[in-house]
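Peer 1: give me a model of this one.
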Amino acid sequence: MVEEGGMKDMKIVVVGPGAIGCAVAASISQENTKVFLLGRERHKEYFKKNPVVYKSYSGDLSSKVEGITLDDLKNGNVVPDAIFITLKANPTLAFVQDIQDSLPKDTPIISLQNGFVAQDIFDKTKFENVFPCVIGFNVLLEDTGVAVQTTDGDIIVGKLTLDLSPEKGKEIPEFIINALSKIVPTSISDNIVSDVWMKVMINCTINPICAIGNFALGEIPSDVSGLTLALWTWKELIHVVDALGIKLNPFQGRLFPEMLYNYDLISFGIARTVVSRMTKENKDAIVSMLQDVRNNKETEIDFLNGKVVELGKELNVKMPVNEILIDTVKKLEKGELKPSKGLIKKLYNQIVLN
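Peer 2: Predicted coordinates:
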């Protein structure tokens, strides 16, 4: 039996042995919880012999977990009490649709991912208990099975409901809070849709600019072309949110959406200062979208800017800057373009001249 508020004797499946997946698996397995880390066959073999490791700011955690594959889950070899998903956005919906006939519909699904993945799971699968998380810290995969925390931060979690009722959204099992709190400080949102949107907007603004300009995070404020495109991107995103009638929560209690809404030289200067402060501690960080471009991998652009542009079209909100960023990132994926500051400057001139 599950102890009140605890995780003892629970079976938890963590999907994805990447950086976040290893951090989650190593953290929650400290509670006498049986953790299964779902990956490929090579990961299953690796974890037969090796622990999963999370080098956090609070100290190093090392735990024995059991590696499993998708077939193990679908065949009923493991029946979890909850599933924590840490995959990239691209394959997630297909994965969840693939496993839904093998699990009860009330199985908690905790999504620690970018974009609107959790909403897609809630809308397009049978699962009723879907909990999106907003990740406010960074972690990288140092080696197979070894995650390293690289920035401070937190996790915000909430529950999706059909009527978006804040009170119903607070109905989060205590073991989920307990589990996430083992990784970094965790809080419950009474409006998780708002928090997800705010994080999506940050990702839509920063990730494509860094990927196109070949920027480390801290280079954006010092590049006028890149910063201007970022702020124009943000303005378009705000227009979509306004059309939807969503009131945005400040990110980590500090970044209010209006701080980056640029309409004159004064607001540009304020926004530049805000971005500088936001990126200072992580100035050398390489965002995931740029990492994907450098490694010739598919990015999450369709699940970030692409999703918002789709909504914009439905709402008759024009988003030309976001559309140009999407098109450019797709050309980077195909190798038709190379990321560079010159490319950012070219896009800036193209937009200004138009």
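
Peer 1: residue ranges of the helices in the stretch 1-150 of the chain, please?
Peer 2: Ranges of helices within the stretch 1-150 of the chain are 19-28, 41-49, 70-74, 89-99, 117-124, based on DSSP state H, counting those that start in this stretch.

Peer 1: so which elements touch the longest one?
Peer 2: Looking back up the chat, that one is helix 89-99. Contacts defined by 3 or more CB pairs under 8 Å, 6 or more residues apart in numbering; DSSP states H and E place helix 89-99 against helix 70-74, strand 82-85, helix 117-124. C-beta coordinates here come from the backbone N, C-alpha and C atoms, glycine included.

Peer 1: list of residues touching it?
Peer 2: Helix 89-99 is contacted by residues 15, 70, 73-74, 85, 87, 109, 111, 113-115, 117, 120-121, 124-125, 127, 298, 300, 302-304 when judged by CB atoms under 8 Å, 6 or more residues apart in numbering.

Peer 1: can you pull the pLDDT of the spatially most central residue of the chain?
Peer 2: The centroid of the chain falls nearest to Asn114 when counting by CA atoms, centre = their mean (2.4 Å). For Asn114, the pLDDT comes out at 83.

Peer 1: hmm, back to that, narrow the contacts of helix 89-99 to just the buried residues.
Peer 2: For those, a burial check counting by 16 or more other CB atoms under 10 Å picks out 15, 73, 85, 87, 109, 111, 113-115, 117, 120-121, 125, 127, 300, 302-304.

Peer 1: how is this protein partitioned into domains?
Peer 2: Using automatic domain parsing, the domains assigned to the chain come out as 11-189, 195-353.

Peer 1: what's the least confident stretch among these?
Peer 2: domain 195-353 (a mean of 88).

Peer 1: now Lys297, what's its secondary structure?
Peer 2: Under DSSP: H, G, I helix; E, B strand; the rest coil, Lys297 falls in the coil class.

Peer 1: which phi and psi does it have?
Peer 2: When read as degrees, to the nearest 10, the backbone of Lys297 gives phi -110, psi 160.

Peer 1: contact partners for it?
Peer 2: Taking CB under 8 Å, 6+ apart as the criterion, Lys297 is in contact with Gln291, Glu333.

Peer 1: how far away is the residue nearest to the centre of the chain from Ser276?
Peer 2: Separation of Asn114 from Ser276 (CB to CB, to the nearest Å) stands at 23 Å.

Peer 1: let's have the helices and strands packed on helix 89-99 in JSON lines, adding distance to Thr186.
Peer 2: JSON lines is the format used below for the helices and strands packed on helix 89-99 (distance: least, CB to CB, whole Å):
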{"stretch": "helix 70-74", "distance to Thr186": "26"}
{"stretch": "strand 82-85", "distance to Thr186": "13"}
{"stretch": "helix 117-124", "distance to Thr186": "16"}
